[in-house]
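**Student:** Coordinates only, no sequence provided:
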């Protein structure tokens, strides 16, 4: 079975304030909201706002995407821990999810959901409406593409908490995987689901297991590598001649990162970059060698979508 296409639906705003808040929504650029069913009637006739009924009952509440700069007790250094929901989306691609976030985190949440093609509602307050509206406008402006996600690894998920943490660590380490029920010969590596897949000393330790998966794959065979920041997570989707790179700064609610270097397998001489909050920003040190393409993103506030093209592709723009 071929991988599913990336979902194209945008995250939605779940709004439980009444129609008296309509002008604030319009001022922010919001024209579509999901409200509790009991409020739909009250919103009828409100100009400029399309309203749909929705419920959060049965939906999985997500953690707020963020970075926790923890002190590493072994080395006394600041070791950033990413609060990511990517593994939850990959474990349950048909699931219903929601965030309960405020402020700039609402924009980061929408970008995370879009990156993983998840069915998500974002519940926020007045402080989050503006940032969310700007991110949704950016996402609408990214030309929709029916591109299958790219994975190097097939992960046999047994549904355990331990397997979930291994997947979480693979997301944080930019190891591209998808959950499989059986080995897929088109993937470079299949792992997980059986203790014998890992050295005895690693079994039961998700960090060591994720490290072992990376060693088995080898860095040379990784479709995506990111240098220069431990808080940027990337995903890939693509077809013949066209590769799309999603880059998410998990610290984007607080600070931008500078000088992020990206390496992808394959030769893509031309590109088109869409970078939230930086419409004029260009990629630096762009190099398309025979086997790999590399470039530097000079800064990343929250989110970027980079389209790479092989020669002759109809959509190539630089």
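**Tutor:** Thanks, I have it. In this text the structure is predicted, and so the values were computed from the model without any measurement.
**Student:** From now on I want contacts and neighbour counts done on CA atoms only, so please keep to that.
**Tutor:** Fine.
**Student:** Now do the contacts for the closest residue to residue 299 other than its chain neighbours.
**Tutor:** What sits nearest to residue 299 in space, not counting adjacent residues and going by CA to CA, 6 or more residues apart in numbering, is residue 258, at 4.2 Å. Residue 258 is in contact with 228, 297, 298, 299, 300, counting by CA atoms under 8 Å, 6 or more residues apart in numbering.
**Student:** List phi and psi for the third one.
**Tutor:** Taking degrees, to the nearest 10, you get phi -60, psi -30 for the backbone angles of residue 298.
**Student:** So it sits against residue 262, correct?
**Tutor:** No: contact between residue 298 and residue 262 fails when scored by CA atoms under 8 Å: they sit 11.0 Å apart.
**Student:** Please identify which of these two sits among more neighbours.
**Tutor:** A count of neighbours by other CA atoms under 10 Å puts residue 262 above the other of residue 298 and residue 262, at 19 against 15.
**Student:** what does the model give that one for pLDDT?
**Tutor:** Residue 262 carries a pLDDT value of 98.
**Student:** and what of residue 199?
**Tutor:** At residue 199, pLDDT is 63.
**Student:** got it, and the one 4 residues further on?
**Tutor:** The predicted local confidence for residue 203 comes out at a pLDDT of 59.
**Student:** Same check on residue 98?
**Tutor:** Residue 98 carries a pLDDT value of 98.
**Student:** ok now do it, which residues does it touch?
**Tutor:** 56, 59, 60, 61, 62, 120, 121, 122, 123.
**Student:** Hmm, the last one is touching residue 17, no?
**Tutor:** What that stands for is residue 123. No: Residue 123 lies out of contact with residue 17 (CA under 8 Å); the separation is 10.7 Å.
**Student:** Looking at the two, which one has more neighbours?
**Tutor:** A side-by-side neighbour count of residue 123 and residue 17, using other CA under 10 Å, places residue 123 first with 21 against 13.
**Student:** quick one, strands of the stretch 151-300 of the chain?
**Tutor:** Secondary structure of the stretch 151-300 of the chain (DSSP state E, counting those that start in this stretch): strands at 153-156, 177-180, 189-191, 224-227, 232-239, 242-249, 257-265, 270-275, 284-288, 292-300.
**Student:** Surely residue 222 is in contact with residue 152?
**Tutor:** Yes: using CA under 8 Å, residue 222 makes contact with residue 152 at a distance of 6.7 Å.
**Student:** Need the residues touching each of the two.
**Tutor:** Common neighbours of residue 222 and residue 152 (criterion: CA under 8 Å, 6+ apart): 175, 176.
**Student:** which ones are touching the residue lying closest to residue 30 once chain neighbours are set aside?
**Tutor:** Leaving aside its sequence neighbours, residue 30 sits nearest to residue 133 (CA to CA, 6+ apart; 5.9 Å). By CA under 8 Å, 6+ apart, residue 133 lies in contact with 28, 29, 30, 107.
**Student:** Of those, which is the most crowded?
**Tutor:** The most crowded member of the contacts of residue 133 is residue 107, carrying 26 neighbours; neighbours defined as other CA under 10 Å.
**Student:** confidence score at that residue?
**Tutor:** Listed pLDDT for residue 107 reads 98.
**Student:** Please apply the same query to residue 233.
**Tutor:** pLDDT, residue 233: 98.
**Student:** Nearest spatial neighbour of it, chain-adjacent residues omitted?
**Tutor:** residue 248 (5.3 Å).
**Student:** just residue 81 next, same as before
**Tutor:** The nearest residue in space to residue 81 (CA to CA, 6+ apart) is residue 68, at 5.0 Å.
**Student:** How about residue 19?
**Tutor:** residue 43 (5.5 Å).
**Student:** Test my guess that that neighbour contacts residue 51.
**Tutor:** Yes: counting by CA under 8 Å, residue 43 touches residue 51, with 7.1 Å between them.
**Student:** For the residue nearest to residue 233, grab the count of nearby residues.
**Tutor:** Counted with other CA under 10 Å, the neighbours of residue 248 add up to 22.
**Student:** what does residue 100 give?
**Tutor:** As a burial measure, residue 100 scores 17 neighbours (other CA under 10 Å).
**Student:** confidence score at the residue lying closest to it once chain neighbours are set aside?
**Tutor:** Excluding its sequence neighbours, the residue lying closest to residue 100 (CA to CA, 6+ apart) is residue 123, at 4.8 Å. If you check residue 123, the pLDDT there is 98.
**Student:** next one: residue 55
**Tutor:** Residue 55 is assigned 96 on the pLDDT scale.
**Student:** Wasn't it part of a helix?
**Tutor:** No: counting by DSSP: H, G, I helix; E, B strand; the rest coil, residue 55 falls outside a helix, being coil.
**Student:** got a list of what it touches?
**Tutor:** Going by CA under 8 Å, 6+ apart, residue 55 touches 35, 36, 37.
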